[in-house]
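Trainee: generate coordinates for the sequence data below:
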Amino acid sequence: MATQSTQTSRSTKAQPQKSPAPAKNNAIPLPSSDTHGTSDSVYGLVSVLYHALQGSQTYQQYVQDAERGGDQELSKFFQRCREEENERADAAKALLLARLEDESEAGEDDEDEDEDEDE
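Mentor: Residues are numbered from 1 along each chain as shown. Predicted coordinates for the structure are as follows:
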């Protein structure tokens with residue numbers, strides 16, 4: 001009998017609400033340009049640049065750990081990983097610079113048109 005009352009009291013307790021199910025593709029929703037004031041492509045490039053540099057720094061620590069442990073094979077592997085992150089960061093910087101220059105030039109063109117209208 002005691003078992004039944006325990007089971008009954010458990011079933012009547014309020015259950016915590018579940019959070020909404022994630023998107024089917026398990027993608028993390030990214031902020032839109034409406035929320036951060038930057039084009040999605042620029043935002044994405046800044047994010048890739050940040051994470052690549054952060055990854056490179058982390059791999060450098062792994063390289064040092066492997067060298068302290070005397071594992072040259074592992075050290076070389078982590079060094080290659082670090083180099084890949086640095087290449088990714090360099091590519092993101094170049095793409096970001098090009099996009100920012102394009103946006104800057106477009107802004108200057110808009111300002112020139114506004115000045116012409118004022119005359």
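Trainee: which stretches of this protein form helices?
Mentor: For the chain, applying DSSP state H gives helices covering 2-12, 33-36, 40-68, 72-118.
Trainee: now tabulate the ones you listed in TSV and tack on mean pLDDT and mean neighbour count.
Mentor: Just so you know, the C-beta spots here come from the backbone N, C-alpha and C atoms, and that holds for glycine as well. As requested, those are exported to TSV (pLDDT from 0 to 100; neighbours: other Cβ atoms under 10 Å):
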stretch	mean pLDDT	mean neighbour count
helix 2-12	50	8
helix 33-36	51	10
helix 40-68	97	15
helix 72-118	87	13
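Trainee: quick check, Lys93 in contact with Val48.
Mentor: No - Lys93 is beyond contact range of Val48, at 9.8 Å (criterion: Cβ atoms under 8 Å).
Trainee: so what's the residue nearest to Phe77 when sequence neighbours are not counted up against?
Mentor: In space, Phe77 comes closest to Ala66 once its chain neighbours are excluded; the distance is 8.0 Å by Cβ to Cβ, 6 or more residues apart in numbering. Ala66 makes contacts with Gln72, Leu74, Ser75, Phe77, Phe78, as judged by Cβ atoms under 8 Å, 6 or more residues apart in numbering.
Trainee: which ones are touching the last one?
Mentor: Contacts for Phe78 were tallied using Cβ under 8 Å, 6+ apart; they are Tyr59, Tyr62, Val63, Ala66.
Trainee: if I pick the third one, what's in contact with it?
Mentor: In other words, Val63. Val63 neighbours (Cβ under 8 Å, 6+ apart): Ser75, Phe78, Gln79, Arg82.
Trainee: wait, which of those is closest to Asp109?
Mentor: Using Cβ to Cβ, Arg82 comes nearest to Asp109 of those, at 40.9 Å.
Trainee: so what's that closest one up against?
Mentor: So Arg82 contacts Gly55, Ser56, Tyr59, Gln60, Val63 (Cβ under 8 Å, 6+ apart).
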